[in-house]
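> predicted model and sequence below, questions to follow.
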Amino acid sequence: MTLQELSRAVDALRPRLLRFALLQLRDAAAAEDAVQEALLAAIERAHQFAGAAAVSTWIFAILKNKIIDEFRRRDRLPQAAVDIEQEQGFDEALKDQFDEHGHWISHPTAWADPQASLEQKRFWAVFEICISGLPEKPARVFGMRELLGMETEEICKELGLSTSNCWVLLHRARLGLRDCLSRRWFGEN
Amino acid sequence: MLSCREETELMSQRLDRPLSLGERFSLRFHLLFCRGCRATQQHFAFLQTATRAWREHHDRDSTLR
């Protein structure tokens, strides 16, 4: 691949990389840095790529590593009080969905024609708001699992979590997202 | 019998690992009688569809918004 071809491929890819990094890192400057580093790494290897698909796979793999590095860096810092509060508030809200025997307090109801939402731009805005509203840890695991399509074992290994811990975080993320989409998009409650 | 909360854990894990025969049976049986969990099953399945579509949207058309 020539540098010019690579540059076209990278231009097409950039918005998607940025969105992904932003959803994961929740900080525009950090997302920009991670994407920039991934793209620079790709440019150094332009001659090795056979086509646009190979570039996309490769850059996403690099970006994923940059994001994981950033997670590790953050994990070495003390957790901010506001994050701890957010996480506790989130857990409380999830707990409140069930009574002491683990049964629904108010039964969730089926969403009407959710498939149709996928065609609406406004839905995607809400969807991203809901992901951004998750506490950092469940959001991380969910993003890696569903937005990057990684296998659970790989995620646990990269983040240094036990498998059961990963499942707990994914469960919390899904319950939280369901709750958010119910309230903000599907309009129940 | 598992509680609704525990069944939602299985519904979530079902998307991440193969469930055992016993777990599948428990879930299927529970869903027959529990409307709230049936709705949750639909919601979780849709979340997966939506995240896949999100990926594809950005593959296909990064100028969506």
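Okay, I see it. Numbering: from 1, shown residues only, chains lettered A, B, ... in the order given.
> now do the contacts for the residue positioned nearest the centre of chain A.
Nearest to the mean C-alpha position of chain A, by CA atoms, centre = their mean, lies residue A:143 at 2.6 Å. When contacts are counted by CB atoms under 8 Å, 6 or more residues apart in numbering or on different chains, residue A:143 touches A:20, A:23-24, A:131. All C-beta spots, glycine's among them, are computed from the backbone N, C-alpha and C.
> tell me the confidence at it?
Note on residue A:143: pLDDT of 90.
> picking that back up, now the buried members of the contacts of residue A:143.
A:20, A:23-24, A:131 (16 or more other CB atoms under 10 Å in any protein chain shown).
> shaky segments in the chain?
Unless you meant another one, I'm taking chain A. Across chain A, the ranges flagged by pLDDT under 70 are A:188-189.
> my bad, chain B
B:57-65.
> so the residue of it at minimum distance from chain A versus residue B:29, what's the distance?
As assessed by CB to the nearest CB, chain A sits closest to residue B:3 within chain B, at 2.8 Å. Separation of residue B:3 from residue B:29 (CB to CB, to the nearest Å): 13 Å.
> out of those two, which sits in the busier spot?
residue B:3 (17 against 13; other CB atoms under 10 Å in any protein chain shown).
> right, and that one touches residue A:102 too?
Yes: using CB atoms under 8 Å, residue B:3 is in contact with residue A:102, at 2.8 Å.
> so who does the residue sitting nearest the centre point of chain B touch?
When CA atoms, centre = their mean is applied to chain B, the residue found nearest the centroid is residue B:44 (3.3 Å). For residue B:44, the contact set (CB under 8 Å, 6+ apart) comprises A:174, A:178, B:11-12, B:15.
> hey, where'd the helices end up in the chain?
The chain I'm using is chain A. For chain A, the helices defined by DSSP state H cover A:3-25, A:28-43, A:52-76, A:81-95, A:121-132, A:136-142, A:152-159, A:163-184.
> wrong one, chain B
Using DSSP H, the helices of chain B run over B:4-13, B:21-33, B:35-60.
> burial of whichever residue of chain A sits closest to chain B, as a residue count?
The nearest approach of chain A to chain B comes at residue A:102, 2.8 Å away (CB to the nearest CB). Neighbours of residue A:102 under the rule other CB under 10 Å: 15.
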